[in-house]
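[1] no sequence for this one, just the structure:
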């Protein structure tokens, strides 16, 4: 009985990729740390089944994109900030390192063009093939400092 | 062979709760839609195993909290914005509705107190028991409009 419940819970916390990042970035070591540090133009290729969810996105909008950083190390709990070995290690919840228990990437991007379920965006620093989990509108009052 | 690969991929996209929300909010219908609309003070109770990841969090900091909205409907792709039936339905990627393929909640909070792995925060509107997935620092250049 308990086993069945635990299994059901696990299944409920299973992510579904809604699309993939298409990017010239393929080398984790060469990728910029944040999207405003020189990310190339990138395409989010959504699965056709999610067309309805994306139907009201408009060119020019700013979006929050959540990705699954599938090449990240999930067991590391402290890292040198920005990979700088001269700085003391910090707990990963105080950093934006991809290394974290749930390696969910948070990206703020601008929508440059929409072609069906293909979204061209600026300022997305994710590696080619990275699974996309969610898109959300930016809300002024909540997301601004 | 293909089955084994697919299974391995699925397992890799399995979330691990790093903690839970403790909140007086228990009724989805009564909860505020966003944290700056009157959320009560809330505690994030981290699992003891993640103490190292949280060791450098400091009172007064602003954090981004990612949660798993475990009572959300994952099959709905369009909703009436803010539940207002007089407004036309919009694709969920244009809304902050909990209903979405991967119901990951994004919350910007202020850290009021730290007691070991118990974090007291302001402006978190999540329901009691909601799994917590990640904490990230707010980065000025990336997260501001």
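    Here it is on my side, so go on. Please read these numbers as outputs of a predicted model, since none were measured by experiment.
[2] what's the local residue count around the spatially closest residue to residue A:110 that is not a sequence neighbour?
    Spatial nearest neighbour of residue A:110, chain neighbours left out: residue A:122 (4.6 Å); criterion: Cβ to Cβ, 6 or more residues apart in numbering or on different chains. In short, each C-beta sits where N, CA and C put it, glycine included. By other Cβ atoms under 10 Å in any protein chain shown, the residues close to residue A:122 number 15.
[3] gap between residue A:122 and residue A:41?
    6 Å (Cβ to Cβ, to the nearest Å).
[4] contact partners of stretch A:78-96?
    For stretch A:78-96, contacts defined as Cβ atoms under 8 Å, 6 or more residues apart in numbering or on different chains pick out A:33-34, A:76-77, A:97, A:99-101, B:50, B:52-57, B:63, B:134-137, B:139.
[5] now the end-to-end length of it.
    11 Å (Cα to Cα, to the nearest Å).
[6] mind checking how far that stretch is from the chain centre?
    Relative to the chain's own centre, stretch A:78-96 is displaced by 20 Å; criterion: Cα atoms, centre = their mean, to the nearest Å.
[7] now that stretch: mean pLDDT?
    Averaged across stretch A:78-96, the pLDDT comes to 93.
[8] got it, and stretch A:53-70?
    pLDDT averaged over stretch A:53-70 gives 97.
[9] how about stretch A:123-140?
    93.
[10] follow-up on the earlier one: what do residue A:122 and residue A:41 both touch?
    residue A:112.
[11] circling back: which of the contacts of stretch A:78-96 fall in strands?
    Among the contacts of stretch A:78-96, the members found in strands (DSSP state E) are B:63, B:134-137.
[12] quick one: which of those residues has the most company?
    residue B:135 leads these on contacts (other Cβ under 10 Å) with 27 neighbours.
[13] what lies in contact with stretch A:116-123?
    A:19, A:35-36, A:39, A:41-48, A:50-51, A:54, A:57, A:63, A:65, A:107-114.
[14] hey, which strand is longest across chain A?
    Ranking each strand of chain A by length (DSSP E) puts strand A:104-115 first.
[15] give me the most central residue, chain A.
    residue A:67 (2.4 Å; Cα atoms, centre = their mean).
[16] now stretch A:63-83: buried residues?
    Residues of stretch A:63-83 classed as buried by neighbour count (16 or more other Cβ atoms under 10 Å in any protein chain shown): A:63-70, A:72, A:76-79.
[17] and stretch A:79-97, by the same measure?
    Quick answer for stretch A:79-97 (16+ other Cβ under 10 Å): A:79, A:89-97.
[18] of all pairs in those residues, which one is the farthest apart?
    With Cβ to Cβ as the measure, no two of the buried residues of stretch A:79-97 lie farther apart than A:89 and A:96, at 14.7 Å.
[19] next up, phi/psi of the residue nearest to residue A:113 when sequence neighbours are not counted, please.
    With Cβ to Cβ, 6+ apart as the criterion, residue A:113 has its nearest non-adjacent residue at 4.1 Å, and that residue is residue A:120. For residue A:120, the backbone dihedrals are phi -90, psi 130 (criterion: degrees, to the nearest 10).
[20] what bridges to residue A:120?
    residue A:43, residue A:113 (DSSP bridges).
[21] can you count the residues close to it?
    Look at residue A:120: counted by other Cβ under 10 Å, it has 18 neighbours.
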